[in-house]
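Participant: Model the structure of this input:
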Amino acid sequence: MDSWYFTYHQWVKNGECTVQREGLNEFEKIINPTNFYFCLEEFLATDRGDKFEEDILFTAATDEVDRVIKGYRIKMGIKKIESAAREGVMYLDDMNTLLDTYGLPGSYSYAQEYLDFEQYVVFLPETLLSCGLSIVAVFVVIIFITGSLTGTMLVVMCVLLVDVFLLGLIHFWNLTFNSIVVVQLVIAIGLAVDYSAHIAHAYLVATPPASCVTVSEKRVYKAQKALSGMGSSVFHGAFSTFLAIIVLAPSKSYIFIVFFRMWFGMIIFGVSNGFLLLPVILATFGPTDNMVDHSAIDIGEEPEEKEGKSRGCCTKKKNQSLPLPYQEKEVEMVGKQVVDQDGGSERKPVMKWAATESKDIT
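Facilitator: The predicted model follows:
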């Protein structure tokens, strides 16, 4: 510790101050207040005390008699801290304990390295707060889009699992849990929601036909429609994102290494949850309430008929009579005499469509 007061106290104790040549006896712990500032001015004018002049801040009074100490600093050296995340936090705790126990009111400690140490003091609370607020934002947006509490909770679960999987990836891919990684964890929540939210929304708007009677059949049908309708779009989005970050794979920069590895995990885990986990859960426990997307229904065609034509699980019942436009048609071939420009003629067949009477389709 390089303390101006300790050096000044020793200087006065040795009798070097002109107004206190007797120095300090062994029972005196402090310098006489009447001589304190006079001896301090002499001390700062010496070679021994000159280096401490910048460590003491006096008031702006021009008269030396009226000048008093407004503030001061004491420098101290410490051993090299190898781990900022562990030893740096311990060092800050010890310094705060010393200040609370022995420091004057308004005292504080500061070093440039504290900026690095301080982030690890609040690391876990800030990480949990940032991720928690992101999850709340996702929940609010998805509940407004889907209108289904069950579907929203399943999407939030898939998003949370992506962050859990990323924590395992951090360990097994030799990454350090630092501020750069925390930023990627928060970004992962916003990125992974796309891979699950579209599948869940497609599931909710899918309308099963009347022939899907049981709840299990409806769930399976809706899950199949969600994957067939939105699966390719979600996959294309994930693949294009992967192509965008693959160029960072050979990078030697730490930031780019972290960026590639974390985004690689986001894409793989997000797509896996959206394509594999979520459809299975929806097919097993998903809601069966119909949320019809009317924009997907063609004019003149009933939703049940449209869905029934695309899925084999729901077929037409026997002896069900269809309207005229859907009945079988017969083709009648008639002949027509055609005369060409040279005067020749030939008979060409012409197709004539005729609707037959209604038939039952079995």
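Participant: count of residues packed around Gly229?
Facilitator: 18 (other CB atoms under 10 Å). (C-beta placed from N, C-alpha, C; glycine too.)
Participant: I meant to write Ile31 there.
Facilitator: By other CB under 10 Å, the residues close to Ile31 number 20.
Participant: give the contact list for the closest residue to it other than its chain neighbours.
Facilitator: In space, and not counting its chain neighbours, Ile31 is closest to Val12: 5.2 Å by CB to CB, 6 or more residues apart in numbering. By CB atoms under 8 Å, 6 or more residues apart in numbering, the residues touching Val12 are 20, 23-24, 31, 39, 43.
Participant: State the next helix or strand along the chain beyond the host helix or strand of Tyr91.
Facilitator: Element membership for Tyr91 (DSSP states H and E) is helix 89-102. Remark: after helix 89-102, the chain's next helix or strand is helix 114-121, criterion DSSP H and E.
Participant: which residues are contacting that next one?
Facilitator: 81, 84-85, 88-89, 91-92, 179.
Participant: For Ile135, state which of the residues you listed is nearest.
Facilitator: Using CB to CB, Ser179 comes nearest to Ile135 of these, at 19.8 Å.
Participant: how much space between that closest one and Leu115?
Facilitator: Applying CB to CB, to the nearest Å, the value for Ser179 to Leu115 is 11 Å.
Participant: Which one's more surrounded, the two?
Facilitator: Using other CB under 10 Å as the criterion, Ser179 and Leu115 rank with Ser179 on top: 12 against 9.
Participant: In the stretch 201-350 of the chain, where is pLDDT below threshold?
Facilitator: 290-350 (pLDDT under 70).
Participant: what about 80?
Facilitator: Along the stretch 201-350 of the chain, segments meeting pLDDT under 80 span 289-350.
Participant: what does the stretch 51-200 of the chain give?
Facilitator: 60-67.
Participant: For the stretch 1-150 of the chain, just list every one of the strands.
Facilitator: Along the stretch 1-150 of the chain, counting by DSSP state E, counting those that start in this stretch, strands occupy 56-58, 69-72.
Participant: Buried deepest among these, which one?
Facilitator: strand 56-58 (a mean of 14; mean count of other CB atoms under 10 Å).
Participant: In terms of secondary structure, what does that strand contact?
Facilitator: Secondary structure elements in contact with strand 56-58, counted by 3 or more CB pairs under 8 Å, 6 or more residues apart in numbering; DSSP states H and E, are strand 69-72.
Participant: now what about the strand it packs on, what contacts it?
Facilitator: By CB under 8 Å, 6+ apart, strand 69-72 touches 4-5, 55-59.
Participant: Could you list the buried residues of the helix holding Tyr91?
Facilitator: 89, 91-92, 95 (16 or more other CB atoms under 10 Å).
Participant: before we move on, the earlier item: and of the contacts of helix 114-121, the nearest to Gly49?
Facilitator: Nearest to Gly49 among the contacts of helix 114-121, with distances taken as CB to CB, is Tyr91, at 29.6 Å.
Participant: Check the spacing between that closest one and Tyr203 real quick.
Facilitator: Distance of Tyr91 to Tyr203, computed by CB to CB: 53 Å.
Participant: again, but for Gln119
Facilitator: Gln119 is 41 Å from Tyr203, by CB to CB.
Participant: okay, now the domains of this structure?
Facilitator: 1-77, 81-121, 123-303, 316-361 (automatic domain parsing).
Participant: Point out the most buried one among those.
Facilitator: Greatest burial across the domains of the chain, using mean count of other CB under 10 Å, falls to domain 123-303, with a mean of 17.
Participant: tell me how far it is from the chain's mean position?
Facilitator: 12 Å (CA atoms, centre = their mean, to the nearest Å).
Participant: where exactly do the helices run in the stretch 51-200 of the chain?
Facilitator: With DSSP state H, counting those that start in this stretch as the criterion, the stretch 51-200 of the chain has helices at 89-102, 114-121, 123-146, 149-172, 179-205.
Participant: Counting by contacts, list what the first one packs against.
Facilitator: What it means is helix 89-102. Short answer (3+ CB pairs under 8 Å, 6+ apart): helix 89-102 packs on helix 114-121.
Participant: Output the helix it packs on as PDB, restricted to C-alpha atoms.
Facilitator: Extracted in PDB, the C-alpha atoms of helix 114-121 (Å, rounded to 0.1, in the frame of the first residue of the first chain):
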ATOM      1  CA  TYR A 114     -13.100  -3.300 -11.700                       C
ATOM      2  CA  LEU A 115     -15.100  -2.900 -14.900                       C
ATOM      3  CA  ASP A 116     -14.200  -6.500 -15.700                       C
ATOM      4  CA  PHE A 117     -14.700  -7.800 -12.200                       C
ATOM      5  CA  GLU A 118     -18.000  -6.100 -11.700                       C
ATOM      6  CA  GLN A 119     -19.700  -7.900 -14.500                       C
ATOM      7  CA  TYR A 120     -19.200 -11.200 -12.800                       C
ATOM      8  CA  VAL A 121     -20.600  -9.900  -9.600                       C
END
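Participant: For the stretch 201-350 of the chain, just list every one of the helices.
Facilitator: 215-245, 254-272, 278-285, 303-310.
Participant: Adding distance to Leu154, write those helices out as JSON lines.
Facilitator: Shown next, in JSON lines, are these (distance: least, CB to CB, whole Å):
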{"stretch": "helix 215-245", "distance to Leu154": "12"}
{"stretch": "helix 254-272", "distance to Leu154": "14"}
{"stretch": "helix 278-285", "distance to Leu154": "6"}
{"stretch": "helix 303-310", "distance to Leu154": "23"}
